[in-house]
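Student: Quick one: sequence plus predicted model below, questions after.
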Amino acid sequence: MTLQHNPAIQKKVKETPIKTSIDEKDIDSFEKCRSYTVSIMEGGNIGVLHACLFAEAGFKVISVNANPHTSELLRRGRTRSFGKPYGRLKLYLEDGAIGASSDARKAASESDIIVVAVQPALDRKKKPDYSQLERVCKEVGMGLKEGALVLFVSPTGPGLVENSLRRILEQASGLIAGKDFRLASSPFKKGLESGEKEASKPLRVVGAIDEISLRTAWRVLRVVTKSDLMKVSSIKSAEVAHLFQSANVEMNLALANEQALLCERLGVDFFELLKVLNERRSFLPFPGIRNDSVRRELCMLLEEAENTDTNLRLTLLAERVNDEMANHVLRLVRDALHACGKTARRAKVSIMGISQRPNGREAPGWIVKRIISLLSKRVRTVAVYDPHFSKKEMTDLGLEAKKLSKVIEGTDCLVFLAAHSRFSRLNLRRIKLLSKKSPSIVDVAHVIDPSKARELGFEYRGLGMGG
C-alpha cells in the first residue's frame, strides 16, 4: 500500500531528534499516569484488555472503534466480541477512566501513547489480510503528534511494522519514526479469557525501532503488566518471537492429538496417561481443538516462510494434523451411531458448546464451524446449544437458537465441543429420557464422566478415550 505525502497535513520535520520521552519517574504512581492519555485502536478482546490495564494503572484511556455501533456498545460496558467484558470495564467507563470514540485521527492527536490492537484477518486462501490495520495506521498518522509512542500489540507478520506500517505512519504524518515519534511492538497472545490476574502477567517480548523507543515502550509496559518483559533487538524479532510461540502451541497440540488418536485405537485412556506422566513432569499436552488465534498467527508465519522460500515441514504437518480433527469428530459420531445400530443420514446430532473459550462466549472457530458443516451434510438434523450465547448471537452466527430441552429432545448423539463446567453437571438421567432410544455421547472436550455415561446406557466415545 503506497501513500503520498498530503501537503495539508504534512508537518515540518525537525533537524535534530526530539527529546520528549517518558521516563520511569514520570509514571511511577497512579497520579502521575493520569497526566498521560492513551488511545486504544479497535476494541476487540486484546484492545479491551489493554484499555482496562492502562486505566487500572492510572492512564486516561480512549477506546477507538471505527464502527460507531461498536463504540456505543463499549459505552454500555459491552463489546462486539463474544467474550464477556473484562471485569472492571463498566466501572472504568462509569468513572471516566475509559472513554469511547469512533474518530481515530482525533484520538491520536490527543494521545501520548497509541496502542494499535487491530487483529489481522485471514482470507479464503488462509493469507493474512492487513487492510484494516493499514487503514487504522493511516488515520493514526493523520493525527499523530511529535513525541508520541505508537505501540503495536496485535500479532503481525515479520517486518510488517518496520516496513509497511511505519511507512504509512510517516507518510500520513510527515514525521519520522525514531526521530519525531516512538515506534515499538509487543505482540500479545492471550485475550479476555485469561482473566484479570493472568492477563497482567503474560509472557511478552518488546522490540522497537531504536533504543529510545525501546526504553519508552518497556517502561510503559512494565507499569501496565507488572511483570518482567523480555527486550529484543528489533520489532521484527518481537514479531517472530510471538509467532514462534504460536507455532510451538500448534506442534504440541498436534503431538497430543496424534497420541490421543493412537490411544483410541489401542484401547488406552490417554487422560490416565496424561495425569500419571505429568505428575512426573513429562508434561504431555492436552488434545483437542485449536483456537483460531493460533491458526491465524500460524498462517502469518507460514506466509513469511513461503516468501523467503523456507519450508517449515514440521509446522505444516502440525497444521494438517490439527485441521484433521474436524474429520475425526465426524468419524467418532459415525462410530458411536453405528454401535447403537443407527445410520448417520437418519440421525439427529446435538452439538453442545461452540465457544472457543471454556465457561464464556467467544465466537466459534474454524474447526467448530467445519464440524457443524460436515455433520449438516451427513445427518438428518444438527441442533446446536451453548449456554453462553444469546438467541440474537446464535442467529447472527447463522444458527438456530433453541432451549437445551429442545436440542436434546429426540437426539441420537450428543457432541460436546466446549469445556463448559456446567456440562459436567448435566443430569444424564434426564437427558437419557429426552433423547431417542440407545443414545450416544461423543466427548471432545472431556467434560462427561465416561463410566457414569456408560452405566446409564449411553454409547460413549471420547477423544483419546480407548475402549
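Tutor: On my side now, so go ahead. Worth saying up front: this structure is predicted, and the values here are computed from it rather than measured.
Student: What segments of the stretch 51-200 of the chain are helices?
Tutor: Counting by DSSP state H, counting those that start in this stretch, the stretch 51-200 of the chain has helices at residues 68-75, 89-94, 104-109, 131-143, 166-173, 195-199.
Student: Pick the most deeply packed of those helices.
Tutor: Among the helices of the stretch 51-200 of the chain, ranked by average contacts under mean count of other Cβ atoms under 10 Å, first place goes to helix 166-173 (a mean of 22). Using the backbone N, CA and C atoms, a C-beta is placed for each residue, glycine as well.
Student: for it, packing partners?
Tutor: Packed against helix 166-173 by the contact rule (3 or more Cβ pairs under 8 Å, 6 or more residues apart in numbering; DSSP states H and E) you find helix 131-143.
Student: quick one: average pLDDT of the helix it packs on?
Tutor: Computed over helix 131-143, the mean pLDDT rounds to 96.
Student: and for that helix, what are the contacting residues?
Tutor: Contact with helix 131-143 is made by 1, 3, 6, 9, 41-42, 66, 104-109, 114, 116, 118, 120-121, 150, 154, 156, 164-165, 168-173, as judged by Cβ atoms under 8 Å, 6 or more residues apart in numbering.
Student: And the residue nearest to Leu375 when sequence neighbours are not counted, how far from Val333?
Tutor: Once flanking residues are discounted, Leu375 sits nearest to Val382: 5.0 Å by Cβ to Cβ, 6 or more residues apart in numbering. Val382 is 10 Å from Val333, where distance means Cβ to Cβ, to the nearest Å.
Student: what about these two, which has more around it?
Tutor: Val333 (25 against 22; other Cβ atoms under 10 Å).
Student: Show me the chain divided up by domain.
Tutor: Split into domains by automatic domain parsing, the chain comes to 24-233, 243-322, 324-462.
Student: any idea which of these is most buried?
Tutor: The highest mean neighbour count among the domains of the chain, using mean count of other Cβ under 10 Å, belongs to domain 24-233: a mean of 20.
Student: and it, how far out from the chain's middle?
Tutor: 16 Å (Cα atoms, centre = their mean, to the nearest Å).
Student: For the stretch 351-467 of the chain, which segments count as strands?
Tutor: With DSSP state E, counting those that start in this stretch applied, the stretch 351-467 of the chain shows strands at 381-385, 413-416, 440-443, 459-462, listed in chain order.
Student: Arrange these in JSON lines, one row each, with distance to Lys231 and mean pLDDT as further columns.
Tutor: Formatted as JSON lines, these follow (distance: least, Cβ to Cβ, whole Å; pLDDT from 0 to 100):
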{"stretch": "strand 381-385", "distance to Lys231": "46", "mean pLDDT": "97"}
{"stretch": "strand 413-416", "distance to Lys231": "43", "mean pLDDT": "98"}
{"stretch": "strand 440-443", "distance to Lys231": "44", "mean pLDDT": "97"}
{"stretch": "strand 459-462", "distance to Lys231": "44", "mean pLDDT": "96"}
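Student: Which among those strands is found nearest to Arg345?
Tutor: Checking those against Arg345 by Cβ to Cβ gives strand 381-385 as the closest, at 10.7 Å.
Student: Please name every helix or strand in contact with that closest one.
Tutor: Short answer (3+ Cβ pairs under 8 Å, 6+ apart): strand 381-385 packs on strand 348-352, helix 366-376, helix 404-408.
Student: So what touches stretch 155-166?
Tutor: In contact with stretch 155-166 (Cβ under 8 Å, 6+ apart) are residues 1, 119-120, 128, 130, 133-134, 137, 152, 177, 183, 185, 187, 189, 209, 234-236, 239-240, 242-243, 246, 296-297, 300-301, 303-304.
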